[in-house]
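Novice: build me a model:
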Amino acid sequence: GNIGAGNAATALATILDEKVDMSVPSVRITGFDEAVENLGGAESLTVAVLVNFGGDANGMIMFLLNVEDAKSIMDILVGEDDGEEGLSEMKISGIKEIGNILASSYVNAISALTGLTIEVSVPYVAIDMVGALMSVPIIEFGAIGDKLMFIEENFEGETNDLKSNMI
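Specialist: I've put the predicted structure just below:
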């Protein structure tokens, strides 16, 4: 988790063209219900980027952040606050790419540490309530087990702080 978060912080700093520090990520194994609560509850509006991976290891990584943080980071990236209440199509595309880069940072760290060959899919993005977003991994992996790895990280930039989660 720490190596993946470090790679993610470096990628985020490059994207935003500013120094980004990170706290030590909190990594824990939780149940699906506890993860939903840690993300603000089932009805909390959230942006999620899902990346499937396969090869020597199969699974999915979901990058999640609240809508306000997503809007703030995209305002920085685009260089303007467009005043829109939601996220424009261009900003959603940017979030998708950031999620892809961050999720790939984790997969690459896992691959490097284990020697496994792992390939990632194209990213999928959705804005919905946490309960609906979490239904994807629950449906996909609920028959295999009832636990997931929950990684919470805080990135501190020169102008903004960002709390994100990886599942």
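
Novice: quick one: low-confidence parts of this protein?
Specialist: Within the chain, the segments meeting pLDDT under 70 span 1-2, 5, 79-86, 155-161.

Novice: quick one, strands of it?
Specialist: In the chain, the segments counted as strands under DSSP state E are 20-22, 26-31, 45-55, 59-66, 118-120, 124-129, 147-157, 161-166.

Novice: output those strands as TSV; include the columns distance to Asn100.
Specialist: Using the backbone N, CA and C atoms, a C-beta is placed for each residue, glycine as well. Formatted as TSV, the strands of the chain follow (distance: least, CB to CB, whole Å):
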stretch	distance to Asn100
strand 20-22	17
strand 26-31	21
strand 45-55	6
strand 59-66	8
strand 118-120	8
strand 124-129	9
strand 147-157	16
strand 161-166	13
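
Novice: tell me the most buried of these?
Specialist: Across the strands of the chain, averaging neighbours per residue (mean count of other CB atoms under 10 Å) puts strand 59-66 on top, at a mean of 22.

Novice: ok, residues contacting that strand?
Specialist: 39-40, 44-53, 73, 98-99, 102-103, 106-107, 130, 133, 136-137, 140-141, 162-167 (CB atoms under 8 Å, 6 or more residues apart in numbering).

Novice: neighbours of Val24, how many?
Specialist: By other CB atoms under 10 Å, the residues close to Val24 number 10.

Novice: how about Ile167, what does it touch?
Specialist: Ile167 is in contact with Ala35, Ile61, Met62, Leu64, Met134, Pro137, Leu148, Met149, Phe150, Ile151, counting by CB under 8 Å, 6+ apart.

Novice: and the fourth one, how close does it get to Val122?
Specialist: I take that to be Leu64. Leu64 sits 18 Å away from Val122, taking CB to CB, to the nearest Å as the criterion.

Novice: then the fifth one?
Specialist: Met134 sits 21 Å away from Val122 when distances are taken as CB to CB.

Novice: between those two, which is the more surrounded one?
Specialist: Legend: neighbour count by other CB under 10 Å for Met134 and Val122, higher for Met134 (23 against 8).

Novice: how about the more buried one, nearest residue that isn't a chain neighbour?
Specialist: What sits nearest to Met134 in space, not counting adjacent residues and going by CB to CB, 6 or more residues apart in numbering, is Val36, at 5.4 Å.

Novice: same deal with Ile3?
Specialist: Excluding its sequence neighbours, the residue lying closest to Ile3 (CB to CB, 6+ apart) is Ala109, at 4.2 Å.
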